[in-house]
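> pasting the structure only:
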């Protein structure tokens, strides 16, 4: 029992470190190659923090466990909001205030992605054709972000090209592949030993483990009073989790899901969206609202594992 749990923890640490290595050096390489700062910064940040979910998702499909991919994506989106915003506000000990209007583009795209997922999983399977539709949503979202990037980037620090950056990018990719393989293997082993559903563990252990980059980035940004980055990163990551990871997974194999996903996980995801909408209308998430979000996540765990 101890060994698979140790392998899971070590794999999660390597997974997060590898993602950080990949994202950080990709951003530097983008600046060196004079790629627009928005692409190397905000966009790579949102995509980059979704890399652990993508790596574990591909690994789970290759292992013949497509339910784990869907469970991981939905569980990560729930954790990103309820823990990534709720728990972070409690840890930081202050309200999270921001200025950007998330209801102009980002939140509607997230709502569109979630409702598209609910409709597509109505028959308990996500097909490659439905994956193409999700991919089109992602392309449209990226096109909008890039085409509306009007900010000046003259303040971007200079960065010289170095093959060391390429080396660390490759090293980060290798770390993602290897660590995700062992992480999924350990989860399968733990599920068998504990007699629990693999989709349940994917929605909790794997989801929280692969959401660590969002949590770390969010905590650092709050400490630097850059709450705009927190909101943008979480919204962007949640969107990419659905439209990128599930579309890629469906291209590898049709994604069948269990009744647990359709009866518990999806309703909780819709409820999480509603809570996020209510708490964000005034562009502030208070400590009290953060505490409520944390309690909701505990209720999600209780329902998922049959304690409630």
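Yes, it's here. Remember, predicted model here, so these are calculated numbers, not experimental data. Residues are numbered from 1 along each chain as shown.
> which element is residue 290 on?
Here residue 290 sits within helix 287-304, counting by DSSP states H and E.
> how close does the nearest residue to residue 8 once chain neighbours are set aside sit to residue 265?
Nearest residue to residue 8, sequence neighbours excluded (Cβ to Cβ, 6 or more residues apart in numbering): residue 186, at 4.0 Å. The way it works is simple: take the backbone N, C-alpha and C, and place the C-beta from them, glycine included. Separation of residue 186 from residue 265 (Cβ to Cβ, to the nearest Å) stands at 22 Å.
> surely residue 25 touches residue 172?
Yes. Counting by Cβ atoms under 8 Å, residue 25 does reach residue 172; the two are 6.8 Å apart.
> picking up where we left off before, of all the residues in the helix holding residue 290, which ones are buried?
Residues of helix 287-304 classed as buried by neighbour count (16 or more other Cβ atoms under 10 Å): 289, 290, 293, 294, 296, 297, 300, 303, 304.
> quick one: which of those residues is nearest residue 211?
Top of the list for closeness to residue 211, among the buried residues of helix 287-304 and by Cβ to Cβ, is residue 297 at 11.3 Å.
> return the residues in contact with that closest one.
Residues in contact with residue 297, defined by Cβ atoms under 8 Å, 6 or more residues apart in numbering, are 78, 79, 82, 83, 86, 87.
> 7 Å - rerun?
Going by Cβ atoms under 7 Å, 6 or more residues apart in numbering, residue 297 touches 79, 82, 83.
> over to residue 25?
Per Cβ under 7 Å, 6+ apart, neighbours of residue 25: 165, 168, 169, 172.
> out of these, which one sits closest to residue 123?
Within those, the smallest distance to residue 123 is 37.3 Å, found for residue 172 (Cβ to Cβ).
> against residue 211, how distant is the closest one?
Between residue 172 and residue 211 the computed distance is 18 Å (Cβ to Cβ).
> again, but for residue 240
13 Å.
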